[in-house]
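Colleague: Quick check, what structure comes out for this input:
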Amino acid sequence: MSALTSAAFRRLVAALKGKKQTCAVVESSCGGIIQGSIMAIPGSSAVFWGGTVAYNTRKSRPILLNDAALHSALKEPLERGSAESSAELYIRSKMEHTRLAAAAYCEQMGTHFAIAEAGATGPTFRPEGIDLGFTVIAVAARCANTGEVSIVRQDVVRSPHADREKNMRIFADAAARLALDAVQEDGLEGNDSSNTDRHSHGERHLDRATKLRANTEELTELAASGKYVVLRGNQSLFGENFELAILDKKEVDLIRSESGAESQMTFLGIVGGNQAFFGVDLLGGTEDAVDKAAVDCFEGAHFSDTRTSAPLLPPLQNELVLHATALSQWQRRNSFCPSCGGRTSLIHGGTCLRCEKCGGLSWPRQDPSMIAVVQSRDGNKILLARSKRHPPRLHTALAGFVEAGETFEKAVAREVFEETGVRIDEDSVEYIGSQPWPFPQSCMIAFNATADDEQPLNLDPDEIVEGRWFHKDEVRAATAVPGPTMRKAAAEVAIRENPDLPLLVPPKGVIARTLIDTWLDRLPL
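Modeller: Reported below is the predicted structural model:
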């Protein structure tokens, strides 16, 4: 299989063909690999209308639709925030440019979708503080009902190294997967963000609006018309069909008054340019009283475990509930100053703690954790394992915390060996992606690695119940099983319906499943 014709791009082209839709591309650091990968697939001329590579920022205006604003967004630095580093400013500028570029190309070229990419691949970096490759990818889509163009996907993709050639390929494949996700989303082509209801939201980008956090007066005004994600411990409030329940302030006040629960409100950000979102953590009140009050707001409301339910949500709802959960977990654990032991109070919309005794400030932290799929040298098998907390037959990738003073690559090698006795091949670790996992405060950094599958397994009984090398056909069959397989009841149903299944894998939306799907995508069709 050619380096250009990866399965991710084949699936993207097939999805566009199946829906009779089109796309355009504008890229920078990938240097044309996104467009070349699409054009390498026979019949792609039916869906790909063209695009450009804007590489020399000073000279690129004529090929950026000769659009002065679009060119300025690529070339001119944004205004730097008071607490913003050079690296953060540079990444934010790429987010702004890709949003504008994706929307402009979709609009001007009349396509259903447009992909925009810009970043830095390495090995030399001009901005201070950027030593590893990164890119920002945005996907714009045209609404079939209104013809309006909006950004439906945007992601920052980071690499653990500065290998230019490898990063270009990694970033191009990431663009294909992000665009495929947008194309495959049910109802996307008919989405009208003006018709959102009380328990969902059509826009798909959360602006965390960090500059607003310190503006108490404006946050108070935004709270009156805000939308709210409701939490209770490690649970979140869902609607009847497991959509995330998004309430208005009157509904939140009703739950609080009827249940007797106190609450902590946290600013999450802005969606669609003007809609403020907040998280509400319910504290106190009996479980029955809170449940009854929630049902009084709307029929079918219920609390469900965030760990197993959040991955099943659409991207925006997933980001909202994980962001809210991460902040609420941190708030509950930090009532006292880590420096002097004084009582702390929340400021900046719930995103910062100030000690009432010494005045020290503290912010939420994430603990880096690695998660890895280990493939055999011939590429036909992967090593998966089941832990004590997983239901029968549910196997997933190997994971563990990164220790102090340890690189991610070393952590992958150490954890794989400690849990399975397998030594991975040196220099085989490849970054795939990341996912916040606030249970309580992890960020999962995902990798692919390679090892000799003839090595004897020596499973750690404290961590692993069972594990083995699974053939690609077994894994592919497991990915066809629908539903929330990480829940015991759903896993049992799947096994009853197909007793011969050798394994189950996590559902889409979990980073372990992304690793598994990425491995399958790279196999020859």
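
Colleague: element containing the most centrally placed residue in the chain, please.
Modeller: For the chain, the residue sitting closest to the mean C-alpha position, by Cα atoms, centre = their mean, is Gln435 at 5.4 Å. Following DSSP states H and E, one finds Gln435 within strand 430-437.

Colleague: ok, back up a step: setting aside sequence neighbours, what's the nearest residue to the residue nearest to the centre of the chain?
Modeller: Ile511 (3.9 Å; Cβ to Cβ, 6 or more residues apart in numbering). Glycine gets a C-beta too; all of them are placed from N, C-alpha and C.

Colleague: my guess is the one you found contacts Gly433, does it?
Modeller: Yes: the criterion here is Cβ atoms under 8 Å, and Ile511 meets it with Gly433 at 6.5 Å.

Colleague: hey, what's in contact with both of the two?
Modeller: Shared contacts of Ile511 and Gly433 (Cβ atoms under 8 Å, 6 or more residues apart in numbering): Ala446.

Colleague: Neighbour count for these two, which is higher?
Modeller: Taking neighbours as other Cβ atoms under 10 Å, Ile511 and Gly433 compare with Ile511 leading, 23 against 19.

Colleague: Please tell me how far the more buried one sits from Glu217.
Modeller: Distance of Ile511 to Glu217, given as Cβ to Cβ, to the nearest Å: 39 Å.

Colleague: ditto for Met486
Modeller: 43 Å.

Colleague: got it, and Glu27?
Modeller: Between Glu27 and Glu217 the distance is 42 Å, computed by Cβ to Cβ.

Colleague: More neighbours: which of those two?
Modeller: For Glu27 versus Glu217, neighbours defined as other Cβ under 10 Å are more numerous around Glu27 (28 against 7).

Colleague: What is the longest helix of the chain by residue count?
Modeller: Ordering each helix of the chain by length in residues (DSSP state H) puts helix 86-109 first.

Colleague: immediately after that one, which helix or strand?
Modeller: Toward the C-terminal end, the helix or strand that comes next after helix 86-109 (DSSP H and E) is strand 113-120.

Colleague: next structured bit after that following strand?
Modeller: strand 134-142.

Colleague: Ser304: what secondary structure?
Modeller: strand (DSSP: H, G, I helix; E, B strand; the rest coil).

Colleague: So what's the residue count around it?
Modeller: Counted with other Cβ under 10 Å, Ser304 comes out at 17.

Colleague: Pull the contacting residues for the residue nearest to it when sequence neighbours are not counted.
Modeller: Closest residue in space to Ser304, ignoring its immediate chain neighbours: Phe238 at 5.1 Å, by Cβ to Cβ, 6+ apart. Residues near Phe238 by Cβ under 8 Å, 6+ apart: 244-245, 301-304, 309.

Colleague: What pairs with the strand holding Gln435, parallel or antiparallel?
Modeller: Strand 430-437 has these partner strands in its sheet, going by DSSP bridges: strand 442-451 (antiparallel).

Colleague: what comes up buried for the partner strand?
Modeller: Under the neighbour-count criterion of 16 or more other Cβ atoms under 10 Å, strand 442-451 has 442-451 buried.

Colleague: Check stretch 249-257 too.
Modeller: Result for stretch 249-257 [16+ other Cβ under 10 Å]: buried residues 249, 251-252, 254-256.

Colleague: Tell me how far the closest residue to Ser339 other than its chain neighbours lies from Cys352.
Modeller: Closest residue to Ser339 apart from its sequence neighbours, by Cβ to Cβ, 6+ apart: Gly360 at 5.1 Å. Gly360 is 11 Å from Cys352, where distance means Cβ to Cβ.

Colleague: same question, Glu406
Modeller: Taking Cβ to Cβ as the measure, Glu406 falls 29 Å from Cys352.

Colleague: ok, now Leu12?
Modeller: Look at Leu12 and Cys352: by Cβ to Cβ, they are 41 Å apart.

Colleague: between the two, which one's more packed in?
Modeller: Using other Cβ under 10 Å as the criterion, Leu12 and Cys352 rank with Leu12 on top: 31 against 16.

Colleague: In terms of helix, strand or coil, where does that one fall?
Modeller: The three-state label given to Leu12 by three-state DSSP is helix.

Colleague: do Glu492 as well
Modeller: helix.

Colleague: and the closest residue to it other than its chain neighbours, what element?
Modeller: Ranked by Cβ to Cβ, 6+ apart and with sequence neighbours excluded, the top spatial neighbour of Glu492 is Pro391, at 7.0 Å. Using DSSP H and E, Pro391 falls within no helix or strand.

Colleague: ok, back up a step: out of the buried residues of stretch 249-257, list just those in helices.
Modeller: The helices, defined by DSSP H, take in 249, 251-252, 254-256 from the buried residues of stretch 249-257.

Colleague: with the residues you listed in mind, which one is nearest to His112?
Modeller: His112 lies nearest to Glu251 out of these, by Cβ to Cβ, at 36.0 Å.

Colleague: residues in contact with the strand holding Gln435?
Modeller: Counting by Cβ under 8 Å, 6+ apart, 157-161, 166, 170, 174, 322-323, 326, 366, 369, 408, 442-449, 510-511, 514-515, 518 sit against strand 430-437.

Colleague: so for stretch 404-418, what's the average pLDDT?
Modeller: On average, the pLDDT along stretch 404-418 is 96.

Colleague: Can you give me the buried ones in it?
Modeller: 408-409, 411-417.

Colleague: Kindly reformat these as JSON lines containing distance to Gly341.
Modeller: Formatted as JSON lines, those follow (distance: Cβ to Cβ, whole Å):
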{"residue": "Phe408", "distance to Gly341": "34"}
{"residue": "Glu409", "distance to Gly341": "38"}
{"residue": "Ala411", "distance to Gly341": "33"}
{"residue": "Val412", "distance to Gly341": "38"}
{"residue": "Ala413", "distance to Gly341": "39"}
{"residue": "Arg414", "distance to Gly341": "35"}
{"residue": "Glu415", "distance to Gly341": "35"}
{"residue": "Val416", "distance to Gly341": "40"}
{"residue": "Phe417", "distance to Gly341": "40"}
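
Colleague: And the residue of the chain most remote from its centre, how close does it get to Asn334?
Modeller: Centroid-distance maximum for the chain: Lys357 at 37.8 Å, with Cα atoms, centre = their mean. From Lys357 across to Asn334, the span is 14 Å (Cβ to Cβ).

Colleague: what's the answer for Leu206, then?
Modeller: From Leu206 over to Asn334 the distance is 24 Å, taken as Cβ to Cβ.

Colleague: thinking again about what came up before, need the ones in helices among the buried residues of stretch 249-257 in a markdown table with pLDDT and distance to Asp473, can you?
Modeller: A markdown table is the format used below for these (pLDDT from 0 to 100; distance: Cβ to Cβ, whole Å):
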| residue | pLDDT | distance to Asp473 |
| --- | --- | --- |
| Lys249 | 91 | 52 |
| Glu251 | 89 | 49 |
| Val252 | 91 | 49 |
| Leu254 | 89 | 53 |
| Ile255 | 90 | 49 |
| Arg256 | 89 | 53 |
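
Colleague: Out of these, which is nearest to Ala491?
Modeller: Ile255 (32.1 Å).

Colleague: Leu515 contacts Met370, doesn't it?
Modeller: No: contact criterion Cβ under 8 Å: Leu515 and Met370 do not qualify, at 11.1 Å.

Colleague: Mutual contacts of these two, please.
Modeller: Common contact partners of Leu515 and Met370 (Cβ under 8 Å, 6+ apart): 446-447.

Colleague: Need the nearest residue in space to Val47, chain neighbours excluded.
Modeller: Closest residue to Val47 apart from its sequence neighbours, by Cβ to Cβ, 6+ apart: Leu16 at 3.9 Å.
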